[in-house]
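> Predicted model follows, preceded by the sequence.
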Amino acid sequence: MKSKLSPSMTSSLALALSALPPAIVHAQFPIGAPWDTAAVQTIGGVTFFTFGGRLPNCHWIETGPMNSSPNGFSLPVWEMVGDICLDCVDCYNLQTNSIVLGKLPPGEYRMQATYSMFPGLPQPGDPMIYNQPFTVPPEVEHTLTVARIGPTVEVTAKAAEAAEIAIQTSTDLRRWTALPNTVPVNGPFTFTVNATNQFQFFRATIMSGTVLQTVNGGFGLPLSTRD
């Protein structure tokens, strides 16, 4: 689904998930939201559904395609488990997902999520685990702000904590290139670039994203992060 966007940003409902080991086992768990917190937020004029929580070792959340209507959204989710890592028996995962709903007109909407009984194959009878109304306010804050500080320019992008942001720059609003020496990052971020004598324009691409962090690496293993 493509959302209505301002000239300074784009969005996508593709969830940015990291590559996973080839030996994956689907598993079913007691039906219920596989997260601790969930909320809809409008940040920088863009609306996100953000959810996350603490999961057992080798477990993670996946989502299916978003279904949308003029006044609502529905997202299938399920919990996954991979190969059990015996070297990490005391680990757990902290996962946060931010799903882009788009740059929505002000008004009343509803966000729903269903738990897929068959991972990856949402069915009409899947139980609902989230069903809440939300309001998109008429006030729209800027997605990007730019400030000249001495010989540099600070470009600040506002987004939900796990959304993926990439910044592009242009001198003529026709040809756009990735901001030099930067890579897509998760969540709100400030990029610093050198100022030039030319006109500089900036825009942001904001995509759904996930941050999955393994903590308490067992037997002295280091903490690791997968984005």
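Okay, I see it. Residues are numbered from 1 along each chain as shown.
> any idea how far residue 183 is from residue 189?
11 Å (CB to CB, to the nearest Å). Where C-beta positions appear, they are placed from N, C-alpha and C, glycine not excepted.
> Now the phi/psi pair for the residue of the chain most remote from its centre, please.
For the chain, the residue at maximal distance from the C-alpha centroid (CA atoms, centre = their mean) is residue 197, at 35.2 Å. With angles defined as degrees, to the nearest 10, residue 197 sits at phi -90, psi 0.
> What about the closest residue in space to residue 155 that isn't next to it in sequence, how many residues nearby?
Nearest non-adjacent residue to residue 155, counting by CB to CB, 6 or more residues apart in numbering: residue 191, 4.5 Å away. Neighbour count of residue 191, defined by other CB atoms under 10 Å: 20.
> outside of the host helix or strand of residue 191, which residues touch it?
According to DSSP states H and E, residue 191 maps onto strand 189-194. Residues outside strand 189-194 that contact it (CB atoms under 8 Å, 6 or more residues apart in numbering) are 151-157, 165, 167, 169, 179-180, 182.
> how far does it sit from the chain's center?
Once both centres are worked out by CA atoms, centre = their mean, to the nearest Å, strand 189-194 turns out to sit 21 Å from its chain's centre.
> Can you check the distance spanned by stretch 57-70, start to finish?
Here the two ends of stretch 57-70 are set 39 Å apart, with distance taken as CA to CA, to the nearest Å.
> Under the pLDDT cut-off, which ranges of the chain? List them.
Of all residues in the chain, those with pLDDT under 70 make up the ranges 1-31, 84-89, 217-227.
> Please consider this matter closed, and thank you.
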